Each structure stands twice: as C-alpha cells, then as structure tokens.
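Q: Need coordinates for the following:
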Amino acid sequence: MVSALKNIKNSADILNEKIIEKSSPIVVGIDPILTSIPSVYKEKYLNYDNPFEGVARTYVDFAFDLIDAVSDIVPAVKPQIAFFEKYGHWGFWAFQEIVEYAHSKNLVVIEDAKRNDIGNTSKAYADGHLGKVDLLDGSVIESVGADWLTITPFLGRDSLKPFINCCKSEKKGLFILVKTSNEGGSDYQDLITKEGKSVYEIIAEHIKIEEEGLIGTSGYSPLGVVVGATHPLQAKEIRKLLPHSIFLVPGYGAQGGDTKNIASYFNKDGLGAIINSSRAIMNSWKESHTDQSCTQTDFKNSVRNATLLMRDDIIDALRQ
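A: I've put the predicted structure just below:
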C-alpha cells in the first residue's frame, strides 16, 4: 500500500490547487510553428540580421499573448521544447523567456521534452530541466526551471531515479510516458511481456512502486503519467493501477480525442487528470480570420474563446 505523507506538499498538490481554484482541468500547449502564427507577429522581425533571432522573438511575442489570453482560465501551460531547440541558442533563449513569463502569471509550467538517458547523463537532464546546476564558484542555481517534465521510461527504472530525486528535493513533477496518443505507440506499448501483461501495464506497475512515500496532501504523487485521449479503455486499466497519479492527456481536439469517455481519466474526486490541447487552440484564429487580417487582439480573443469552449466542454462531460 502506498503511504501518504499528509504533512508534505508536493508538485501534484500545487497543480491540483490551481485546477480547483480555476475549475479548469486543462492545459494549453505552446507548440509554435510559423504557419500557426499570424503575420502581425512576424512582420517586424523579418529583416533581422540573424534570422534565428527573428524567429525566436516572434515566438516570444506570440507565446506571451497566448499566455495573457488564458492565464486566468488554465492552471498550466505546456511548451514543447522541440519547436524551440531547432533554432539553436536563440530558440532556447525564447523557451526560457516563455517559462519565466508563465511563472510571472502564476501558471504551472509543464515542459514537454520527453527526456531520459542513463547514469550521469540522466542526472544532467534532471538537474538541467527540473533541478539545479553547478557553477564555477561551487554554488548551484536553477537553469530551465520547469515545474513538470515529460520523460520516457524505456531505458528502465534506474534511468528514472535522478528525475524522481528532483521531485523529492525540488518539489517538481514528472509525466512519464505510458500510453501515448499516437497511432504507432501501440507498436511497442501494447506488446505482451513474458508475465502476460502489456508493456504499458508493466511501466505503470513500476511507477506505483516508485511513488511509495511520495503522496502529498491532495492524495496524489508527483509521478504523473501520459495517457492519450485516444485510449479511454486503457485509461481505465491504468487508473486502477495508478489511483494516485495525475494523467496528462494529450490528443484532445486535433488528434481526434473527444469528451465522450473523458471521465475514464479522472478519479471520483474530480481530480487526477489534466487535458491538453495545443494545435486546436493555437490555430483557432484561422476559423474566422485570414493571415493578413488577424490582429493581435483577434488572435488573443480567438485563443481565449477556444480555451473557454474546451474547458466548458470537459466540465460538462464530467458532470454528466
């Protein structure tokens, strides 16, 4: 049985407090690509000497407006680092600017990076994205500063240890890939092991062991899992194995997930899941505006309305 440390407030408690405060179990993904961004954001940076800097500054303006539009509606945002890293150090600068701005708006930041490795490399990822890094004078300082990080478990339980240690020491959280929303995820995750269980079930069982002693005041652990909105039946199975884990649920909207079976992802207390939408919200401006006609105000209004619609859709589904 998992022991609950009722006097310890962890990252799951912080996230749940914000979900309850805003009655909003949703997260908006920030996955910027230039075709998702209205021209009004790009025009002033077209002639930068360094084109990567121009893209990075466009991303920052775009993301800041998106955050402003939804910060009173959602408890968290989820920037995907791949869209920034491809622009080198300028892209990483933009990513960190967005993390800091989201924090200034009192939002939880879920960094979608799907990191992991083994040994010291795994620890370097954990320290860099969740913990603290060493400086020349012997001091340590926070680097990326995300609150939660998506990671892959496929290098084994020992590869998770440095990340779990950060959860303990820094009050950070993990979303571990278990049953992903993409079609090809079943190629490996559904394979049956010699124990007669699927790979995703084995991973869930290992997470249950690792969360021993980590349960916080709200009844949840900082070891969350990624379970796609396209797999409601498997979500029920995983929920039975992991009653104390928060599910990060991608695949709503653009990837075909809907609210029909959304209750499968939640516990009876109405907590236990946070539903993500990225493309459907970022591209919502295209439904009523052309690229040239869309102003920054138009963009913000479209994002806000799409987020409100998503929140209300999910809340209504849970009530039913």
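
Q: what comes into contact with the helix or strand containing E111?
A: E111 belongs to strand 108-115 when elements are defined using DSSP states H and E. Under the criterion C-beta atoms under 8 Å, 6 or more residues apart in numbering, residues 14-15, 18, 27, 29, 75-82, 99, 102-103, 125, 129, 144-152, 175, 177, 248 lie in contact with strand 108-115. For every residue, glycine as well, the C-beta is placed using N, CA and C.

Q: same thing but at 7 Å, please
A: Residues lying outside strand 108-115 but in contact with it, judged by C-beta atoms under 7 Å, 6 or more residues apart in numbering, are 14-15, 18, 27, 75-81, 99, 102-103, 125, 129, 144, 146-152, 175, 177, 248.

Q: Pull out the buried members of the residues you listed.
A: Neighbour counting with 16 or more other C-beta atoms under 10 Å marks 14-15, 18, 27, 75-81, 99, 102, 125, 129, 144, 146-152, 175, 177, 248 as buried within the contacts of strand 108-115.

Q: So which of those are in strands?
A: Cross-referencing the buried ones among the contacts of strand 108-115 against strands under DSSP state E gives 27, 76-79, 148-151, 175, 177, 248.

Q: for the stretch 201-320 of the chain, which spans come out with low pLDDT?
A: 253-258 (pLDDT under 70).

Q: What ranges does it have for its helices?
A: For the stretch 201-320 of the chain, the helices identified by DSSP state H, counting those that start in this stretch occupy 232-241, 279-282, 296-319, in order along the chain.

Q: out of those, deepest packed?
A: Each of the helices of the stretch 201-320 of the chain was assessed for mean neighbour count using mean count of other C-beta atoms under 10 Å. The highest is helix 279-282, with a mean of 22.

Q: Show me how far the strand holding E111 is from its chain's centre.
A: The chain centroid and the centroid of strand 108-115 are separated by 5 Å under C-alpha atoms, centre = their mean, to the nearest Å.

Q: next one: stretch 270-279
A: Taking C-alpha atoms, centre = their mean, the mean C-alpha location of stretch 270-279 is offset from the chain mean by 9 Å.

Q: what's it in contact with?
A: For stretch 270-279, the surrounding residues in contact (C-beta under 7 Å, 6+ apart) are 16, 19, 25-29, 31, 76, 78, 218, 220, 229, 246-250, 252-254, 262, 265-266, 310, 314, 318.

Q: quick one on the thing from earlier: I209: which of the helices of the stretch 201-320 of the chain is closest?
A: In this view, the helices of the stretch 201-320 of the chain are compared for proximity to I209 by C-beta to C-beta, and helix 232-241 is the closest at 10.9 Å.

Q: send the alpha carbons of that closest one over as PDB?
A: Extracted C-alpha coordinates of helix 232-241, given in PDB (Å, rounded to 0.1, in the frame of the first residue of the first chain):
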ATOM      1  CA  PRO A 232     -10.100   5.600 -22.900                       C
ATOM      2  CA  LEU A 233     -10.300   1.800 -22.300                       C
ATOM      3  CA  GLN A 234      -6.600   1.600 -21.500                       C
ATOM      4  CA  ALA A 235      -7.000   4.700 -19.300                       C
ATOM      5  CA  LYS A 236      -9.400   2.800 -17.100                       C
ATOM      6  CA  GLU A 237      -6.900   0.000 -16.700                       C
ATOM      7  CA  ILE A 238      -4.100   2.400 -15.900                       C
ATOM      8  CA  ARG A 239      -6.200   4.300 -13.500                       C
ATOM      9  CA  LYS A 240      -6.800   1.100 -11.500                       C
ATOM     10  CA  LEU A 241      -3.100   0.600 -11.300                       C
END
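
Q: Check which helices and strands it sits against.
A: In terms of contacts (3 or more C-beta pairs under 7 Å, 6 or more residues apart in numbering; DSSP states H and E), helix 232-241 is packed against strand 173-179, helix 199-210, strand 223-227.

Q: Compare these and report which one is nearest to Y45.
A: strand 173-179 (32.6 Å).

Q: could you give the angle of the closest one to strand 108-115?
A: Our comparison of strand 173-179 with strand 108-115, counting by axes from the mean of the first three to the mean of the last three C-alpha atoms, to 10 degrees, yields an angle of 50 degrees.

Q: so for strand 173-179, what's the average pLDDT?
A: On average, the pLDDT along strand 173-179 is 98.

Q: Please state the offset of it from the chain centre?
A: Relative to the mean C-alpha coordinate of its chain, strand 173-179 is positioned 10 Å out (C-alpha atoms, centre = their mean).

Q: In its sheet, which strands sit next to it, and in what direction?
A: Next to strand 173-179 in the sheet, as set by DSSP bridges, lie strand 148-151 (parallel), strand 223-227 (parallel).
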